[in-house]
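J.: Provided below for reference: sequence and predicted model.
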Amino acid sequence: MKPETELKRSAEPIWWALFSAGGVCFAVFIPAAIVFLAMLLPLGVVELTYTQAQSWYFSIWGLMFTGAVVVLPLFHAGHRFRHGLHDLKVQQHTLVKVLCYGFASALSLLCLGLWCIGYFN
Amino acid sequence: MINVKVARYLPEQSAAPFVQEFKVPYDASTSVLDALNYIKEELDPSLSFRWSCRMAICGSCGVMANGIPKLGCKVFLRDYEQGLLLEPLAHLPVERDLIVDMDAFLKHLEAVKPYLINNETTAVKSATTHQQTPAQLGKYKQFANCINCGLCYSACPQFGLNPEFLGPAAITLAHRYNLDSRDQGKAARMPLLNTAEGPWACTFVGFCSDVCPQQVDPAAAVNQSKVESAKDMLIQLFKGKL
């Protein structure tokens, strides 16, 4: 055990908070998104034209959708992968961390960038 | 008769551990601890194991029964008719036969300051010391039932990977005192709980709660401690102390 003066605060609460928020989104919003986008739309139960979809997505609602259905679930999945690899005894902790959260960050930035381009045009 | 295999380790005789098989008579009330006592008294007096109370209170007789951490006094031979392999508790150094070195575990328990910390002068001043409502007791009562048997440490794959991890029982004990209305020591316990070796090393496998003979649910305490540590980080951030 380390002496008390050498105790270092872990940054884990940040990743864990993103993981928790992502978990809620995974449970609540993703099933709804799948039902709507992957079932009701292809079956023709609801109709959505390209212009409707575009004007809705490139509004503030689209930003919230991106956060709840893409960004937070990505960090949730990244966290799970990271800890899953730890459980499988992959020792390169820093590399795994950079890859998992890096992938989540890169895809998040891509989505947010696309939204910004649409919103500000 | 049931075939009971016991992992033996006799460092003065051989450097390598080995497995010895015994035939043990049993009835519906023969516990695994009874079987060990039968072996020691009737078959092989050199067998070493810890035990004391025979009623799941002292927490001494923890062993791996077919790979699962159990209290020897709380499991019965009738449930192992297919055969039983007894081994020392996993993740702890073996001293001899079924006896493990509990030092790492005890050091972790000690490190979380598992006692009431409060301002003595206020306590002395108070005419009615340490009164508690049933609701205040209810907050921590479940977590106070730990008997320090160490089964959760044998069940925890994270403790197996990293023995620096504070582990289920120690974090539960810290949480138990943090939740106690008579205690003011949370600030003194949080620095350790905020480290990577605190609750953050837990990946919520939950096997600790499965094997706990007292239904303490250490996994819940560990995960509630994560919330406390996250809150602590946020509060310190707003106070500008991070």
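T.: Right, received. Where do you want to start? Numbers count the residues shown, from 1 in each chain, chains lettered A, B, ... in the order given.

J.: what helix or strand does residue 23 sit in?
T.: Picking chain A for this. A:G23 is part of helix A:12-34 when elements are defined by DSSP states H and E.

J.: wait, chain B
T.: Going by DSSP H and E, B:K23 is part of strand B:18-24.

J.: now find how far off-centre the helix holding A:G23 is within its chain.
T.: Taking Cα atoms, centre = their mean, to the nearest Å, one finds helix A:12-34 lying 7 Å from the centre of the chain it belongs to.

J.: could I get the buried residue list for that helix?
T.: A:12-13, A:15-23, A:25-26, A:29-30, A:33 (16 or more other Cβ atoms under 10 Å in any protein chain shown). From N, CA and C alone the C-beta is placed, and that goes for glycine too.

J.: what lies in contact with the helix or strand that that helix is followed by?
T.: For helix A:12-34, the following helix or strand on the C-terminal side (DSSP H and E) is helix A:50-57. Defining contact as Cβ atoms under 8 Å, 6 or more residues apart in numbering or on different chains, one finds that helix A:50-57 is touched by A:G62, A:F65, A:W115, A:G118.

J.: check those residues and tell me the two furthest apart.
T.: A:F65 and A:G118 (12.3 Å; Cβ to Cβ).

J.: which of those two has more neighbours?
T.: Neighbour totals were compared for A:F65 and A:G118, and A:F65 leads with 17 against 14 (other Cβ atoms under 10 Å in any protein chain shown).

J.: now for the more buried one: which residues touch it?
T.: Taking Cβ under 8 Å, 6+ apart as the test, what A:F65 contacts is A:A33, A:Y57.

J.: confirm it sits in a helix?
T.: Yes - assignment of A:F65 by DSSP: H, G, I helix; E, B strand; the rest coil places it within a helix.

J.: now it: how far from chain B?
T.: 26 Å (Cβ to the nearest Cβ, to the nearest Å).

J.: any idea how far stretch B:42-58 is from the chain center?
T.: 18 Å.

J.: quick one: end-to-end distance for it.
T.: 25 Å (Cα to Cα, to the nearest Å).

J.: what residues of it count as buried?
T.: B:L47, B:S48, B:F49, B:R50, B:W51, B:R54, B:A56, B:C58.

J.: what's the average pLDDT for the longest helix seen in chain B?
T.: Ranked by residue count under DSSP state H, the longest helix found in chain B is helix B:218-238. Average pLDDT, helix B:218-238: 95.

J.: quick check: buried residues in it?
T.: Quick answer for helix B:218-238 (16+ other Cβ under 10 Å): B:218-226, B:228-230, B:232-233.

J.: also stretch A:53-63?
T.: Buried, per 16+ other Cβ under 10 Å, within stretch A:53-63: A:Y57, A:F58, A:G62, A:L63.

J.: and the contacts of stretch B:159-174?
T.: A:1, A:86, A:89, B:90-91, B:104-105, B:108-109, B:111-114, B:143, B:146, B:148, B:150, B:152-153, B:155-156, B:158, B:189, B:192-193, B:197-199, B:201-202, B:208, B:216, B:218-219, B:221-222, B:225.

J.: what residues sit buried inside it?
T.: B:159, B:161, B:163, B:165-174.

J.: which one of these is nearest to B:Y9?
T.: B:P163 (19.2 Å).

J.: surely the closest one is within a helix?
T.: No - counting by three-state DSSP, B:P163 falls outside a helix, being coil.

J.: so where's chain A uncertain?
T.: A:1-2 (pLDDT under 70).

J.: alongside chain B, which residues does it contribute?
T.: Counting by Cβ under 8 Å from any Cβ of the partner chain, the residues of chain A close to chain B are A:1, A:4, A:7-10, A:12-14, A:16-17, A:83, A:86-87, A:89.

J.: which among those gets closest to B:K241?
T.: The closest of those, once distances to B:K241 are taken by Cβ to Cβ, is A:R9, at 10.4 Å.

J.: what sits closest to that closest one if chain neighbours are left out?
T.: Closest residue to A:R9 apart from its sequence neighbours, by Cβ to Cβ, 6 or more residues apart in numbering or on different chains: B:N194 at 4.6 Å.

J.: hmm, B:M233 and the one you found touching each other?
T.: Yes - with contacts counted by Cβ atoms under 8 Å, B:N194 reaches B:M233, the gap being 7.0 Å.

J.: overlap in contacts, the two.
T.: A:R9.
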